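>>> the sequence isn't on hand, but the structure is:
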């Protein structure tokens, strides 16, 4: 099972990127989400819950071999991208802005994301990215409603 956990945790090897594995994992997730869309928000929420649970298990297994919160483990970035694009329109620019917002919040880890990393057993590995993604989604929702929505209304008229 440890091999399965490593394969999933590295998102089929994305986590082994020599440069910025978290960014590579996030981008891979973004591409997959783009290709899977349009996916309903209800379905995406179900997948988020399932993938979060799988991620907690996989992170706990991977930490046994790779140490605490290993950089090779990027499944959490995949779940983070799912949360980031939840309930936003499918548009290339919106998804791309979401990607950058998620990476920003995942790197700076605003409260309580920074504290959640202390949770044991794979929970901390997954939860800090969930919190970062919630911040990213809120930012994306605000940007969409203020900036993007205004542009689309002007262009439609």
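Thanks, I have the structure now. Only a predicted model underlies this, so the values are computations on that prediction, with no experimental measurement involved.
>>> next structured bit after the one helix or strand residue 4 maps to?
Using DSSP states H and E, residue 4 falls within helix 2-9. Once the chain leaves helix 2-9, the next helix or strand it forms, by DSSP H and E, is helix 21-36.
>>> after that next one comes which helix or strand?
helix 41-66.
>>> from the contact counts, what lies against the following helix or strand past that next one?
Scanning forward in sequence from helix 41-66 by DSSP H and E, the next helix or strand is helix 75-84. Using 3 or more CB pairs under 8 Å, 6 or more residues apart in numbering; DSSP states H and E as the contact test, the elements touching helix 75-84 are helix 21-36, helix 41-66, helix 92-108, helix 123-143. Where C-beta positions appear, they are placed from N, C-alpha and C, glycine not excepted.
>>> in contact with the residue nearest the centre of the chain, which residues are there?
Centroid check for the chain by CA atoms, centre = their mean gives residue 80 as the closest residue, at 1.7 Å. Counting by CB atoms under 8 Å, 6 or more residues apart in numbering, residue 80 touches 26, 29, 102, 106, 129, 130, 132, 133, 136.
>>> state the pLDDT value of the fourth one.
Spelled out, that is residue 106. Residue 106 is assigned a predicted lDDT (pLDDT) of 94.
>>> endpoints of stretch 106-119, how far apart?
16 Å (CA to CA, to the nearest Å).
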